[in-house]
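1. take a look and give me a structure for this.
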Amino acid sequence: EHAYGAILSAIRLLINLGTKDFIDACSSEEGVESTQVTDLIFFGLQQILPLMTQGLLQFPILCSQFFDLVGFMMDTYPEKVCVLPFDLFDSLLECLLFGMRHHDAIVAKCSLHGIGSIATEHLSSQILAPLLQQHPDIIDKCSRRLLTEVVFQCVVSDRVEASGMALLPLAAVDVNRFA
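-> Purely as a prediction, here's the structure:
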């Protein structure tokens, strides 16, 4: 319960730091750039990730807040996510892959939007190219798990659109390889 309270407070703090109003207020009054705020949020996520256990993810509020934060950061700042150290990038991606099959549709949709945003950013700017040279199976892993763990499962009616919006850019990254 102590870990639950502390982690939930940290996640809520990071969510509040990520709000547009906070970033705008810091930028205009304190001379803090938005990149500094997003760097701080990613640093906070890096500290929280090792603490997130399967047991803690059983708490609905903590789980939804965590995936809301991770999905928001992946969706809003995909260009920053793609240049994170590989260990952090891979951990965040694994969180999204876990979240996309979660029983809570909101958690699943946040996760799917995050995955789709990363692939879309790569399509427009090739930002994953350095990671794909060293780890060519990143996109394959995402596509395979999305197809097997979400699309081809019996109950996906609550996330069909989100699944399609994630699968389309994943397939477009390398159509021949996807086929």
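2. count the neighbours of Leu49 for me.
-> 16 (other C-beta atoms under 10 Å). Yep, even glycine has a C-beta here, placed from its N, CA and C like the rest.
3. and Ile138, by the same measure?
-> Neighbour count for Ile138, taken as other C-beta under 10 Å: 20.
4. for the closest residue in space to Pro78 that isn't next to it in sequence, what are its contacts?
-> Spatial nearest neighbour of Pro78, excluding adjacent residues (C-beta to C-beta, 6 or more residues apart in numbering): Glu121 at 3.6 Å. Applying C-beta atoms under 8 Å, 6 or more residues apart in numbering, we find Glu121 in contact with Pro78, Glu79, Val81, Cys82, Ile127, Leu128.
5. which stretches of this protein form helices?
-> Assigned by DSSP state H, the helices in the chain fall at 2-17, 20-25, 34-48, 60-76, 78-81, 86-99, 105-125, 129-134, 138-146, 160-173, 175-178.
6. most packed of those?
-> Among the helices of the chain, helix 105-125 has the highest mean neighbour count (mean count of other C-beta atoms under 10 Å), at a mean of 22.
7. OK, contacts around the residue nearest to Ile11 when sequence neighbours are not counted?
-> Excluding the flanking residues, the one nearest Ile11 by C-beta to C-beta, 6+ apart is Gln65, at 4.8 Å. Under the criterion of C-beta under 8 Å, 6+ apart, the contact list for Gln65 reads Leu8, Ile11, Arg12, Ile15.
8. state the distance from Pro117 to Phe72.
-> Not quite, residue 117 is Ser, not Pro. Remark: distance between Ser117 and Phe72 (C-beta to C-beta, to the nearest Å) = 10 Å.
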